[in-house]
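# 3D model of this:
(one chain, ligands or ions: 1)
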Amino acid sequence: MKHLFSFITLFSLLITFQGFSQDQQSLDSIRNNPIYQLKQVDKSCQNPEVIADAANKVLALTTNSENTALTAKAYQLLGKSNWMQNNYILAIDLLKKSVNIYQQLNDSTELAHSLNLIGVCYQQKGQYDQALDYLQQALLIREKLKDKSKYASTLNNLGIVYRVTGHLEQSLIYYKKGYSIFKEIGDKNGYSTTESNIGLIYNQLENYEDALSWLLKSLETKKELKDTLGLASTYENLGQVNFNIANYTKALECLSSAINLFKVINNQHGLAVSNSSIAAIYLKRGNHDKAFEHITASQNIAEPSEDYAIIKDNYKLLSDYYFAKGDLPKSREMMNKYAETVEKMFGKQVSEKYAELTAGYETEQKEYQNKLLQANLQIEKYKLQRSKDSQLFYILIIIAFILLMIYTMLLLYRLRKKNYEIEKINSDLNVLNLDLEEKINARTKDLTEALKKAEESDELKSAFLANMSHEIRTPVNGMLGFARALEDESITTEDRKHYVEIVNRQGHILLQIINDIVNISKIDVGQFEIKKTACFSNTMLNDLYSMFSSNSFHNKNSNIELRMVKSLSDERCIIFTDPLRLEQIMINLLDNAFKFTNEGYIEFGYALDLPNKIKFYVKDSGIGIPEDQFKKIFNRFYKHKHQQQPLYGGAGIGLSISKGIAELIDGEIKVESKVGEGSCFSIVIPYIPISAAYGSNEYGEKIKKSNYSWPNKTILVVEDDLISYQYIEVLLKKTGVKMVHVKNGEDAIEVCQISKNTDLVLMDMQLPFISGYEATQKIKTFQPNLPIIAQTANVMNNEKVRCIDAGCNDYISKPIDPDEFMSVLAKYLS
Ligand code: ADP
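Below you'll find the predicted structure:
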């Protein structure tokens, strides 16, 4: 591409012919003469065929041996015609003939003209040494001739040769010299052509800005001149510069304009060059088919005319084309052809260049092959990698599959475990359900029982109320009735005695009922006092025997035999328990035995029982108790309705109290019975024997000290109830003690203040106005050592504490038990 601008010389040659008008012949006489025609053609004709025709006609007229100026002109013009048709070898040959003749004729002007043309032909043929040689000869002659226009023209041609041989600086010097001369003489054709050439040099020097500037200047002038060839050449050059600055669209535009103009003037060289340039653009753009099309078009023109500069460039383009297509042998073949052409053009000087190019090409090819090899290696590596990758992929898939299997198995195991757990939970739930059902059943049973008990309790309550009403009314009625009877003064002393006895007995019964109720409530609230001490069992049994055998109330039926059984000696019978409570239980049992036995016997006593137990019992031959009642009779207020028996008296609490007391003295009460045969109640307590020498016998003591005597003592009795006072009076009568009676607290305080002889105060705590507590407190302020004994009907447990807190020394509960009363008093008076 770089060397495709030799067409410019075409234009330069035209300039060469401007001074061509040496022959002076009359125009009229020779108008139809071949010589005249030759002169005309020489002046202005641009058509090579017309020129050749005129020249051949002249040569046909001249003899072979004649070396006239005409012959020389004919050769010169024929050479010119062939040059115009790119037949350079023939052109050079013909021009050299003209040179020989002009040298002989010594015609410097024409000689320089022919030499100039030969130089141009060699240049276009690519034989630059010869070109330079001939052009230098022409330049020297023209310098001498001082023909500025022609001189500038040859300078221009030399510039072309230096340019195409790569001596750009040299070329620029020649061009600029020629340009200034053309400018000086105002030769538009000349300077516009040179502008174009300078533009090309700047292009090669890669100074594209200056290149475009010079070429556009040239273009304007060519347009002015309407110089088709010049315009086409400049467009071609502009295309080249735009190509170099990668403005391919603009380049294509310029080259298309060039081709169109070259077609107009049928300039084959120009067409070849432009097509070649367009092909280079298409190769750059990667449009290989279009590129090949244009290379072929260019080569088809260049080859017949042996335009090697273009041919070689086309080979280079073809090599690039095949390389781009990947057809390396073909590419190499084209490169070889390129080199051969270069060698042809530059001779030996370029063979080195060729070798260099070949080596470069081979290196390039090797590099390419290396690249190819590397690419193949890469592909193999990639394939290997891929196979490795795929192996890895399969391994990963297998691992993933195994993991999935393990996970699934774990899941199954978990599910199975869960199922097992669920089954277990279900079975547990079933068990719980059954348990719950059982519990519900039990609860239902309990509730039913509770309901039954509640109903029974309700019944008991009603029974209790009915009983109480009956049990309390009976003695009260008796007492009231006989008390009223006693008012009758007419009754006999014996009856009176009997009535009083009845009143007493009824009072005792009533008191017993009240005692029972109090006892049961005490047991309930845990205030029932137990005092364990030595108990003389034999003595206790003797007392009971005396009590029940002498008691006319119990001894109602003479058919009943009372038996007593003592199993141990007087020494061994002494046990550690609460004798009073034990006796209380025995009294209850004996009471019942007498109540429910009409005939036969009643036996009571004790016997040792295993292990370390002693059993006290009361056995009768009474009406007996059905077995299903054994538990119930110990319930509070429960009375069994014995079949075919009258309703017996009683509140239904005796056994329940006995049971409660038995438990308090660590015992257990039991019943054995058969209806119609009798019953046996027993209480089993721990047998803790105490030797006779150890401890005191409270029971015996009571008996021993029954005869008290305090004739020197004075007691102040504070009692608002006269009957109660009288009762105390009766109790103390035998002791000989002096008694002072006051009815309220104020009097008691006063007496104590006045008399200092009082040995003891018996203080009723429930007094009108000042209470016994207050009176006690006051008396104690001035007589702190005077013993004060409280007596109160309030039987609750904290009552004793309250009395002691008030300052009392001791405490007696109402109704007064004579024995207790006497023993307490004895403590302070004896
Ligand atoms: P009470 O005797 O006041 O009715 P208890 O609690 O002492 O109350 O007795 C309850 C019931 O036990 C009596 O109503 C009676 O039916 C029965 N019972 C008690 N002792 C005997 C006995 N020795 N023989 C037959 N039944 C008895």
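
# residue in the protein nearest to the ligand?
The ligand sits closest to Gly650 of the chain, with a gap of 2.0 Å, by Cβ to the nearest ligand atom. Where C-beta positions appear, they are placed from N, C-alpha and C, glycine not excepted.

# run a quick neighbour tally on that residue.
19 (other Cβ atoms under 10 Å).

# helix/strand/coil for the residue nearest to it when sequence neighbours are not counted?
If the residues on either side of it in the chain are set aside, Gly650 comes closest to Lys639, at 6.5 Å by Cβ to Cβ, 6 or more residues apart in numbering. At Lys639 the chain is in coil, as set by DSSP: H, G, I helix; E, B strand; the rest coil.

# count of residues packed around Lys639?
Neighbours of Lys639 (other Cβ under 10 Å): 21.

# verify the contact between it and Gly652 for me.
Yes. Counting by Cβ atoms under 8 Å, Lys639 does reach Gly652; the two are 4.2 Å apart.

# ramachandran angles for the residue of the chain closest to the ligand?
Main-chain dihedrals, Gly650, degrees, to the nearest 10: phi 130, psi 150.

# any idea of the pLDDT on it?
You'll see Gly650 listed with a pLDDT of 75.

# same question for Leu261.
92.

# and the residue nearest to it when sequence neighbours are not counted, how far from Gly507?
Computed as Cβ to Cβ, 6+ apart, the closest residue to Leu261 that is not its neighbour in sequence is Ala232, at 3.5 Å. Distance from Ala232 to Gly507, counting by Cβ to Cβ, to the nearest Å: 170 Å.

# which one of these two has more residues nearby?
The neighbour comparison of Ala232 against Gly507 (other Cβ under 10 Å) goes to Ala232, with 27 against 15.

# ok, now which ones touch the more buried one?
By Cβ atoms under 8 Å, 6 or more residues apart in numbering, the contact list for Ala232 reads 257-258, 261-262, 265, 267, 270, 274.

# what residues sit buried inside stretch 214-228?
214-215, 217-219, 221-222, 227-228 (16 or more other Cβ atoms under 10 Å).

# now do stretch 36-54
36-39, 41-42, 45, 48, 51-54.

# same question for stretch 534-549.
For stretch 534-549, by 16+ other Cβ under 10 Å, it's 534-541, 543-545, 548.

# so which bits of the stretch 501-650 of the chain are right by the ligand?
592-593, 595-596, 620, 622-625, 633, 639-640, 642, 648, 650 (Cβ under 6 Å from any ligand atom).

# ok, of those residues, which one's closest to Asp458?
Nearest to Asp458 among those, counting by Cβ to Cβ, is Lys639 at 15.1 Å.

# please report phi then psi for the closest one.
Reported as degrees, to the nearest 10, the phi and psi values for Lys639 are phi -130, psi 130.

# in the stretch 551-700 of the chain, where is pLDDT below threshold?
551-558, 647, 690-700 (pLDDT under 70).

# rerun at 50
Applying pLDDT under 50 to the stretch 551-700 of the chain picks out residues 553, 691-700.

# now do the stretch 101-250 of the chain
In the stretch 101-250 of the chain, no residues with pLDDT under 50.

# where along it do the helices fall?
108-125, 128-145, 148-164, 168-185, 188-204, 208-225, 228-244, 248-264 (DSSP state H, counting those that start in this stretch).

# can I get those helices in CSV including distance to the ligand?
Below are the helices of the stretch 101-250 of the chain laid out as CSV (distance: least, Cβ to the nearest ligand atom, whole Å):
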stretch, distance to the ligand
helix 108-125, 163
helix 128-145, 162
helix 148-164, 157
helix 168-185, 153
helix 188-204, 148
helix 208-225, 143
helix 228-244, 142
helix 248-264, 136
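
# excluding chain neighbours, what is closest to Glu645?
That one is not Glu; residue 645 is Gln. Ile623 (5.7 Å).

# which helix or strand contains that neighbour?
Ile623 is part of no helix or strand, with elements assigned from DSSP states H and E.

# that one reaches Gly676, doesn't it?
Yes. With contact defined as Cβ under 8 Å, Ile623 reaches Gly676; the gap is 6.8 Å.

# who's more crowded, these two?
Neighbours were counted for Ile623 and for Gly676 using other Cβ under 10 Å; Ile623 has more, 21 against 12.

# next up, the contacts around the more buried one.
Per Cβ under 8 Å, 6+ apart, neighbours of Ile623: 596-598, 642, 645, 675-676.

# what's the ChimeraX syntax to select whichever of those are buried?
Command for ChimeraX, covering only those of these found buried under the criterion 16+ other Cβ under 10 Å:
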select :596,597,642
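
# among the contacts of Ile623, which are in helices?
Phe596 (DSSP state H).

# in TSV: the contacts of Ile623, plus distance to Asp93.
Shown next, in TSV, are the contacts of Ile623 (distance: Cβ to Cβ, whole Å):
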residue	distance to Asp93
Phe596	183
Thr597	188
Asn598	191
His642	180
Gln645	184
Val675	179
Gly676	183
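
# so which residues of this structure form strands?
533-536, 560-565, 574-577, 600-609, 613-620, 668-674, 678-686, 714-718, 738-742, 760-764, 788-792, 810-813 (DSSP state E).

# pull the distance from the fifth one to the chain's centre.
Put plainly, it is strand 613-620. 81 Å (Cα atoms, centre = their mean, to the nearest Å).

# ditto for the second one
Its chain's C-alpha centre and that of strand 560-565 lie 93 Å apart, by Cα atoms, centre = their mean.

# what does the fourth one give?
What separates the centre of strand 600-609 from the centre of its chain is 86 Å, taken as Cα atoms, centre = their mean.

# show me what counts as buried in it.
For strand 600-609, by 16+ other Cβ under 10 Å, it's 601-606.

# which residue, other than its chain neighbours, is closest to Ile173?
Gly159 (7.9 Å).

# need the contact list for the one you found.
Gly159 neighbours (Cβ under 8 Å, 6+ apart): 171-175, 178, 194, 197, 201.

# give me the neighbour count for the closest residue to Glu184 other than its chain neighbours.
The spatial neighbour of Glu184 that comes closest, neighbours along the chain excluded (Cβ to Cβ, 6+ apart), is Lys148 at 7.2 Å. Residues near Lys148, counting by other Cβ under 10 Å, number 17.

# is it true that Lys148 touches Ile181?
Yes. Here Lys148 reaches Ile181: they are 5.3 Å apart, a contact under Cβ under 8 Å.

# wait, Arg802 sits on Tyr773?
Yes. When contacts are counted by Cβ under 8 Å, Arg802 is listed as touching Tyr773 (6.9 Å).

# re earlier: now the strands of the chain in JSON lines, with distance to Asn116?
As requested, these are exported to JSON lines (distance: least, Cβ to Cβ, whole Å):
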{"stretch": "strand 533-536", "distance to Asn116": "175"}
{"stretch": "strand 560-565", "distance to Asn116": "185"}
{"stretch": "strand 574-577", "distance to Asn116": "172"}
{"stretch": "strand 600-609", "distance to Asn116": "172"}
{"stretch": "strand 613-620", "distance to Asn116": "170"}
{"stretch": "strand 668-674", "distance to Asn116": "166"}
{"stretch": "strand 678-686", "distance to Asn116": "168"}
{"stretch": "strand 714-718", "distance to Asn116": "183"}
{"stretch": "strand 738-742", "distance to Asn116": "187"}
{"stretch": "strand 760-764", "distance to Asn116": "180"}
{"stretch": "strand 788-792", "distance to Asn116": "175"}
{"stretch": "strand 810-813", "distance to Asn116": "174"}
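
# could you point out which of these sits nearest Gly166?
Comparing the strands of the chain by Cβ to Cβ, strand 668-674 comes nearest, at 145.6 Å.

# and the closest one, does that touch the ligand?
No. If you take Cβ under 6 Å from any ligand atom as the test, strand 668-674 misses the ligand, and the best it gets is 6.8 Å.
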